[in-house]
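Novice: I'd like to go over a predicted model; first the sequence, then the structure.
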Amino acid sequence: MTIAVELGEKRYDRQERIGWWDQERLAQSRVLVIGAGALGNEIVKNLVLVGVGSIVVVDFDTVELSNLARCVFFREEDEGRPKASTLAERASALNPNVKVHGIDGDARAFGAGIALRADVMVGALDSREARLFTNRLAWRAGRPWVDGAIEALMGIARVFSPPDSCYECTLTDADFEILAHRQSCRLLSREDLLDGKVPTTATTSSIVAGLEAQEVVKLLHHDVDGVKSLDGAMVFDGANNDAYPLRYPFDDDCIAHHTYTDPVEWEPALNATFADVTAAVGWDDAIVELGDDHVVRWTCPGCETVTPAGTPVALVRFGDAECPKCAEVRQPEAISSIGVPSDDAALTLIDLGVRPDEVLAVRRGLDYRYVWVKSPAPELPEEWW
Ligand SMILES: [Zn+2]
Ligand SMILES: [Zn+2]
C-alpha cells in the first residue's frame with residue numbers, strides 16, 4: 001500500500017513542481033472527448049498521463065488501416081474493432097489512477113445531460129456538423145469545450161467558453177451555405193461525419209491534440225494565477241514555422257447562445273408526456289422546445305403510406321427515407337417544439353425520440369424554464385451518474 005502511494009506520488013512529481021498545478025483537482029475531474037481518431041488518441045493519451053480522474057470517449061466509427069499512421073493506441077489486429085472502446089482499453093493501461101471509458105456510439109444520441117455531467121468537453125472531430133452539435137451541447141450545458149482541426153502540417157486548437165464567442169460565431173455566410181446545402185440535398189446523417197479524409201500526419205495531430213489537452217488542463221484549473229486559458233484559437237503552421245493566437249468576434253445574433261441555466265432535475269416515468277414536462281416546471285400552458293428537429297412522420301409519394309416516427313433528424317440515416325413497401329424516397333415531416341395544451345401534449349417523450357438525459361427548454365412568452373430529464377445513459381460509467 002505504502003509502495004503504491006509512493007509510486008503515485010512519484011508518477012506526478014514533475015508536473016506537481018509547477019506552482020499552480022493541482023493534482024487533486026485533476027483527479028476529481030470528468031472530461032468528455034468526442035471522437036477517437038487521430039486527435040482523440042493523442043488527447044486521451046495526454047489526459048491519462050496527467051491524471052485526469054475520469055474520461056469518457058465517444059465514437060461510432062471502427063478502426064481502419066489508414067488510422068494506424070496517426071493513432072498511437074491502435075494496432076493492425078484492431079482493424080474493424082470499434083475505436084472508442086479500443087482506445088479506452090489501451091489508454092487505461094497507461095495509468096491505473098485514471099478511469100477511461102469508451103462508448104461505441106453516436107455522440108448525437110445523447111442529451112445535454114452528458115455535457116452537464118462533464119467539467120470540460122473536447123472535440124476531436126472532422127466535420128462542421130459534428131462541431132455544430134458539440135457547440136450547441138456545450139452552450140446548453142454552460143460548459144467550455146476545446147476544438148481542434150488539422151490539415152497537412154497546419155493545425156488549429158481553440159477554446160470556446162460560454163458566454164464568450166462560440167464556434168457558430170466563427171462561421172461565415174459561406175459556411176452556413178455549405179451546411180444548408182448538405183442538409184437540403186440529403187438528410188443530415190451519420191454518414192456525413194465520416195467525410196473528413198483530410199491529408200495529415202501524426203506530427204500535426206500530436207501537436208494540435210497536445211495543445212487541446214493543455215487547454216483542458218488549464219480549464220480544469222479554472223484560470224488560476226499564472227496560467228490563462230486560450231481566448232479564441234492558437235494556429236500552428238508547421239510548414240512555415242509560424243504559430244499565432246487568433247480571437248473571434250462575438251456575434252450578437254448567434255442563435256447558439258442559449259444556456260439552459262439551473263434546470264429542474266426531473267426523474268420522469270417511462271411514459272412521461274409533454275404535459276408532464278411543463279408541469280415539472282410549474283406551468284400548465286407553455287411550449288416545450290425539443291432543441292433540434294425531430295422527424296414525426298414519413299409520407300411516401302409512391303404508395304401514399306404515412307408512417308409515424310420519432311427520431312432526431314441528426315440521427316436519421318439516408319436509408320431510413322426508403323419506403324419499406326415500394327422503395328420510393330419518402331418525405332419526412334419534422335417538428336422542433338410541442339405546445340401544451342394541444343393534441344400533441346399527450347405524446348410521450350419516447351414517441352418523439354427525445355434523447356435520454358436531455359435538457360428541455362420550456363417557454364412561456366419570453367420566459368424560459370429548463371427541465372433536465374434525468375436518465376443517465378446506461379453506457380455512462382457509474383462515476384458520471
Ligand atoms: Zn456564437
Ligand atoms: Zn411507398
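Specialist: Nice, thanks for sending it over. Ligands and ions are numbered 1, 2, ... in the order given.
Novice: so the residue nearest to the spatial centre of the chain, which of the three states?
Specialist: Nearest residue to the geometric centre of the chain (Cα atoms, centre = their mean): residue 134, 3.9 Å. Following DSSP: H, G, I helix; E, B strand; the rest coil, we place residue 134 in the helix state.
Novice: contacting residues for the closest residue to it other than its chain neighbours?
Specialist: Once flanking residues are discounted, residue 134 sits nearest to residue 123: 4.9 Å by Cβ to Cβ, 6 or more residues apart in numbering. C-beta here means a position set from N, CA and C on the backbone, and glycine is covered the same way. By Cβ atoms under 8 Å, 6 or more residues apart in numbering, the residues touching residue 123 are 34, 35, 130, 131, 134, 145, 146, 147, 148.
Novice: how about residue 92?
Specialist: Taking Cβ under 8 Å, 6+ apart as the test, what residue 92 contacts is 48, 98, 99, 100.
Novice: which ChimeraX command selects the buried ones in those?
Specialist: In ChimeraX, this line selects whichever of those come out buried by 16 or more other Cβ atoms under 10 Å:
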select :48,98,99,100
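Novice: taking the contacts of residue 92 together, which two end up most distant?
Specialist: Greatest spatial distance among these (Cβ to Cβ): 48 and 99, at 9.6 Å.
Novice: so for these two, which residues contact both of them?
Specialist: With Cβ under 8 Å, 6+ apart, residue 48 and residue 99 have common neighbours 55, 92.
Novice: what sits opposite the residue lying closest to residue 281 once chain neighbours are set aside in the beta ladder?
Specialist: Closest residue in space to residue 281, ignoring its immediate chain neighbours: residue 369 at 3.9 Å, by Cβ to Cβ, 6+ apart. Note on residue 369: beta-bridge partners residue 362, judged by DSSP bridges.
Novice: ok, residue 289 next?
Specialist: residue 337, residue 361.
Novice: which residues does it contact?
Specialist: Neighbouring residues of residue 289 by Cβ under 8 Å, 6+ apart: 336, 337, 360, 361, 362, 363.
Novice: now those residues: which count as buried?
Specialist: Of these, these count as buried by 16+ other Cβ under 10 Å: 337, 360, 361, 362.
Novice: which stretches in the stretch 51-200 of the chain count as helices?
Specialist: Using DSSP state H, counting those that start in this stretch, the helices of the stretch 51-200 of the chain run over 83-92, 113-116, 128-141, 173-185.
Novice: which secondary element of this structure has the worst mean pLDDT?
Specialist: Ranked by mean pLDDT, DSSP states H and E, the weakest helix or strand in the chain is helix 2-11, scoring a mean of 64.
Novice: rewinding a little: including mean pLDDT and distance to residue 356, could the helices of the stretch 51-200 of the chain go into a markdown table?
Specialist: Output for the helices of the stretch 51-200 of the chain, formatted as a markdown table (pLDDT from 0 to 100; distance: least, Cβ to Cβ, whole Å):
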| stretch | mean pLDDT | distance to residue 356 |
| --- | --- | --- |
| helix 83-92 | 98 | 18 |
| helix 113-116 | 96 | 8 |
| helix 128-141 | 94 | 14 |
| helix 173-185 | 77 | 25 |
